[in-house]
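In: Sharing a model that was predicted from the sequence below.
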Number of protein chains: 2
Amino acid sequence: MKKEQLKSGISIRRSLAEASAEQLAAVKSIIAAVQQEGDAALTRFTEKWDGVKVENLRVGEEEIAEAVSRFEPQLLEDLTEAADNIRTYHEYQRQQGYTHTNDDGSYVAQRVTAIPSAGLYVPGGTAAYPSSVLMNVIPAQVAGVKRIVLVSPPGKDGKLSDGVLAAAHILGIEEIYKVGGAQAVAALAYGTESIRPVDKITGPGNVFVALAKREVFGEVAIDMIAGPSEITVIADDTAFADEIAADLLSQAEHDPMATAVLLTTSEDLADAVSAEVEKQLQSLPRQAIAAKAIADHGVIYIGETMERLIEAANELAPEHLEIMADDAEKIADRIENAGAIFIGRFSSEPIGDYFAGANHVLPTNSTARFSSALSVYDFMKRTSIIYYSEQAWQNNEAKIARLARLEGLEGHARAVESRSWKKENR
Amino acid sequence: MKKEQLKSGISIRRSLAEASAEQLAAVKSIIAAVQQEGDAALTRFTEKWDGVKVENLRVGEEEIAEAVSRFEPQLLEDLTEAADNIRTYHEYQRQQGYTHTNDDGSYVAQRVTAIPSAGLYVPGGTAAYPSSVLMNVIPAQVAGVKRIVLVSPPGKDGKLSDGVLAAAHILGIEEIYKVGGAQAVAALAYGTESIRPVDKITGPGNVFVALAKREVFGEVAIDMIAGPSEITVIADDTAFADEIAADLLSQAEHDPMATAVLLTTSEDLADAVSAEVEKQLQSLPRQAIAAKAIADHGVIYIGETMERLIEAANELAPEHLEIMADDAEKIADRIENAGAIFIGRFSSEPIGDYFAGANHVLPTNSTARFSSALSVYDFMKRTSIIYYSEQAWQNNEAKIARLARLEGLEGHARAVESRSWKKENR
């Protein structure tokens, strides 16, 4: 790995990847076709892109049952335990409404309700991640979303992966469609004969999915558009090089664009981690991907003090931050910008990806400065409620009319005053 | 106003207004110039677009003091009372973090903190709205945002309006810059010699401001891009036509694109409101704007039952919904989709714009189905924290490794397993 002395103003931020004009044009034409032709367009695009002719877009009950019966019982148990942990963590996020009442009988309130429906995109093929099903569906369920829909591209056999269907089964999700790509996003946004539209679309996908989500944004809500994975490790000389290297590689194996950074006060550790990364890479199944990520976006920064490492982590604002050092908890308290913080030697990052319960959909590209993990809040909406009694109106009418006129909005002033107009002519 | 029988599938949704290619090109070139030239570009664009040469971009303390001293004391008192109400309402939104602890010593936590900095765009000229200052700044202050910056285009005299400066003064905001348009947004996103960049940009603006916010989105966070104002009134024959008309016009006067809808069970009321709107329009200072809005986007729908009116309101999902009918509170309970609900005759919409305390930045264009008013939550971020003890790791290592391998991510499995590798070679 590259080794550098820590300086000010380090960054892992990249300019947002621009898709090609051809890709955007393709996505726009797919969306238009789905809007005009509905299911016929979905079937056609599935044949074209996924190489399979799908008879029924919707996954049948028996298909789900078969997948679950084929699925290894131990893994079903593991997924169930992970789902329980995720639900426990997210249940703390349920929001309550409130009402503020005044002496004059007026009140102002906030009512919190679930959005009516949500559609989750699950990638297919080699990147079919049951954990993504759990991480996207559970917050929506905890929020109370009534209708939750899964879409995922079928394999060449016309089926979805057993793992994805098993995860859906554990969560009780039954509305699942075999369709992927921009066409799936268009179907969720505008609806077809088979698929009723939803209010929010979440979940990861390739560039076509990301572009389609951007295109339909405003028509429906979308979650963040997540970039390549990032891990930053803060470590002092109490840490083990092989463990740091393994954790760095766990994120590097996701994507050749993934970022892996070590911040350390120890030159010895830096050298040892660098050697360990090379060594462990040799036997990694996804070696090509991880090696490219490490070569292009892997850096070890040496800083003189822990103080400087903390500053650097806050500058980087990484998606995942591990702290393997003395007083790791105290260091964590001083981290302002990170999607998720993993404290101490035994909190290896994949624990968060699969099991601990916190959400693994996290802000990337330094956006942890201002944004947050996918959550129950993302599936709730708030409605303001205002009630003014006659007394409250009388007490405040003149003030409100003055403020409206200050802004040149006479119609606003008259509206408030209209309650005192004579009503003889009614 | 147009009068129609209520049918299913009514909508006030519009396809999102597309800006012209020329406007987008202009915005992109302004942003590039600000990135390259900094303050010099800001000064040049201010001279070009606002017709004034500004010496100091930052508003001086004495300028604020002068504006406040010129400002009518009664209005200062009104603004202060409004600010107090807004603060009271928003203080309920302060989020708490939480920690979930397990028996094995592990914990998963959510830490809630304010985003570090926020920039608020305040329109200038005739549309200088002190109330917008209050509605954008107060949620950021309640969230605990340390650095809050205002930007607003100067008038021909090189100054900001007394009302805007007075509102800023009441809130204790001191970092204010005389710059508007796309150049102000670029400065807030990328920084110049005078203006340090911020993490989130909020506030209303014209098409150039909206386009610039979209362009810098991702680099910084932005709030919603609000569309033209909307009001829908549900009324039965207990309501007063002149009051409904006045309230409809209060939103129509905002913008020729504003929407004003009456849903009623009463043919008589429909006719009376229609006549009142015509009558009141005659003397409205912003008659031209309001008349165009009413002509293009004003409709009265007659429905047979209150049931149908409620369904229709939920279909419309309006920004503002007034309910002037028997049992208004019970009807409000059945409204699922609306930005803000105003209950009963005395809760005229402008009360919410200025005074009641709820936020007047609300979702438009039917997005109330899935989005919410500007709030304290918009200025906070959440960081996940994961701590696994050795015991917790031991108990769960095998499960996590199995789940990782199920997804074909061997590197993830090895990372978790690395904690049990022998350490002799260290």
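Out: Sure thing, it's come through. Residues are numbered from 1 along each chain as shown, chains lettered A, B, ... in the order given.

In: just the strands in chain A please.
Out: Counting by DSSP state E, chain A has these strands, from start to end: A:2-5, A:98-101, A:107-114, A:117-121, A:147-152, A:175-178, A:200-202, A:221-222, A:230-235, A:259-264, A:298-302, A:320-324, A:340-343, A:380-387.

In: Can you lay out these as a markdown table showing mean pLDDT and distance to B:Q5?
Out: Glycine gets a C-beta too; all of them are placed from N, C-alpha and C. As requested, those are exported to a markdown table (pLDDT from 0 to 100; distance: least, CB to CB, whole Å):
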| stretch | mean pLDDT | distance to B:Q5 |
| --- | --- | --- |
| strand A:2-5 | 93 | 71 |
| strand A:98-101 | 98 | 37 |
| strand A:107-114 | 97 | 30 |
| strand A:117-121 | 96 | 29 |
| strand A:147-152 | 97 | 30 |
| strand A:175-178 | 98 | 34 |
| strand A:200-202 | 96 | 32 |
| strand A:221-222 | 90 | 32 |
| strand A:230-235 | 98 | 57 |
| strand A:259-264 | 97 | 60 |
| strand A:298-302 | 97 | 67 |
| strand A:320-324 | 98 | 57 |
| strand A:340-343 | 98 | 55 |
| strand A:380-387 | 97 | 28 |
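
In: Mind checking the ones you listed for the one nearest to A:A356?
Out: Among those, strand A:340-343 comes nearest to A:A356, with 8.9 Å by CB to CB.

In: who does that closest one touch, helix- and strand-wise?
Out: strand A:320-324, helix A:328-333, helix A:349-354, strand B:380-387 (3 or more CB pairs under 8 Å, 6 or more residues apart in numbering or on different chains; DSSP states H and E).

In: Those into JSON lines, with extra columns for distance to A:A212?
Out: Below are the helices and strands packed on strand A:340-343 laid out as JSON lines (distance: least, CB to CB, whole Å):
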{"stretch": "strand A:320-324", "distance to A:A212": "27"}
{"stretch": "helix A:328-333", "distance to A:A212": "38"}
{"stretch": "helix A:349-354", "distance to A:A212": "26"}
{"stretch": "strand B:380-387", "distance to A:A212": "27"}
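
In: wait, which of those is closest to A:T264?
Out: Here strand A:320-324 is closest among the helices and strands packed on strand A:340-343 (CB to CB), at 9.4 Å.

In: And that closest one, what does it pack against?
Out: Short answer (3+ CB pairs under 8 Å, 6+ apart): strand A:320-324 packs on strand A:230-235, helix A:241-252, strand A:340-343, helix A:349-354.

In: just to revisit the earlier point, which stretch among the helices and strands packed on strand A:340-343 approaches B:Q141 most closely?
Out: Taking CB to CB, strand B:380-387 is the member of these nearest to B:Q141, at 12.1 Å.

In: Pairing partners for the closest one, with directions?
Out: When pairs are called by DSSP bridges, strand B:380-387 turns out to pair with strand A:340-343 (parallel), strand B:107-114 (antiparallel).

In: Sort out which residues of the last one are buried, please.
Out: Counting neighbours by 16 or more other CB atoms under 10 Å in any protein chain shown, one finds that the buried residues in strand B:107-114 are B:Y107, B:V108, B:A109, B:Q110, B:R111, B:V112, B:A114.

In: if we can go back for a sec, let me have the helices and strands packed on strand A:320-324 in CSV, extended by mean neighbour count.
Out: What follows is the helices and strands packed on strand A:320-324, written out as CSV (neighbours: other CB atoms under 10 Å in any protein chain shown):
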stretch, mean neighbour count
strand A:230-235, 27
helix A:241-252, 28
strand A:340-343, 27
helix A:349-354, 28
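
In: now these in TSV, with distance to B:W49?
Out: Shown next, in TSV, are the helices and strands packed on strand A:320-324 (distance: least, CB to CB, whole Å):
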stretch	distance to B:W49
strand A:230-235	39
helix A:241-252	46
strand A:340-343	43
helix A:349-354	48
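
In: Dump the strands of chain A into CSV; add distance to B:A221 as well.
Out: Rendered in CSV, the data for the strands of chain A read as follows (distance: least, CB to CB, whole Å):
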stretch, distance to B:A221
strand A:2-5, 30
strand A:98-101, 25
strand A:107-114, 22
strand A:117-121, 22
strand A:147-152, 27
strand A:175-178, 32
strand A:200-202, 18
strand A:221-222, 15
strand A:230-235, 18
strand A:259-264, 21
strand A:298-302, 26
strand A:320-324, 20
strand A:340-343, 19
strand A:380-387, 18
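
In: among the ones you listed, which is nearest B:G303?
Out: strand A:380-387 (21.7 Å).

In: Contact partners for the residue nearest the centre of chain A?
Out: Among the residues of chain A, the one closest to the centroid is A:V361, at 3.7 Å (CA atoms, centre = their mean). Applying CB atoms under 8 Å, 6 or more residues apart in numbering or on different chains, we find A:V361 in contact with A:S132, A:M135, A:N136, A:T202, A:P204, A:D223, A:M224, A:A226, A:A373, A:L374.

In: of those, the lowest pLDDT goes to which?
Out: Lowest pLDDT among the contacts of A:V361: A:A226, with 75.

In: related to what we said a few turns ago, which one among the contacts of A:V361 gets closest to chain B?
Out: Checking these against chain B with CB to the nearest CB, the nearest one is A:A373 at 5.5 Å.

In: Please give the number of neighbouring residues around the closest one.
Out: A:A373 is flanked by 27 other residues according to other CB atoms under 10 Å in any protein chain shown.

In: Can you give me the separation between it and B:F240?
Out: Separation of A:A373 from B:F240 (CB to CB, to the nearest Å) stands at 49 Å.

In: Likewise for A:E91?
Out: Note on A:E91: its distance to B:F240, by CB to CB, is 47 Å.

In: neighbour-wise, which of those two wins?
Out: More crowded of A:E91 and B:F240, by other CB under 10 Å: B:F240, with 20 against 14.

In: Assess the claim that that one and B:G344 are in contact.
Out: No: between B:F240 and B:G344 there is no contact under CB atoms under 8 Å: 12.0 Å.

In: Tell me how chain A divides into domains.
Out: Chain A breaks down into these domains under automatic domain parsing: A:21-96+A:105-222, A:227-370, A:390-420.

In: Averaged pLDDT, the shortest one. What do you get?
Out: Domain A:390-420 shows a mean pLDDT of 97 in the predicted model.

In: And it, what's buried?
Out: A:392-393, A:396-397, A:399-404, A:406-407, A:409-419.

In: out of these, who's near chain B?
Out: A:392-393, A:396, A:399-400, A:402-404, A:406-407, A:409-419 (CB under 8 Å from any CB of the partner chain).

In: With that, I have no additional questions.
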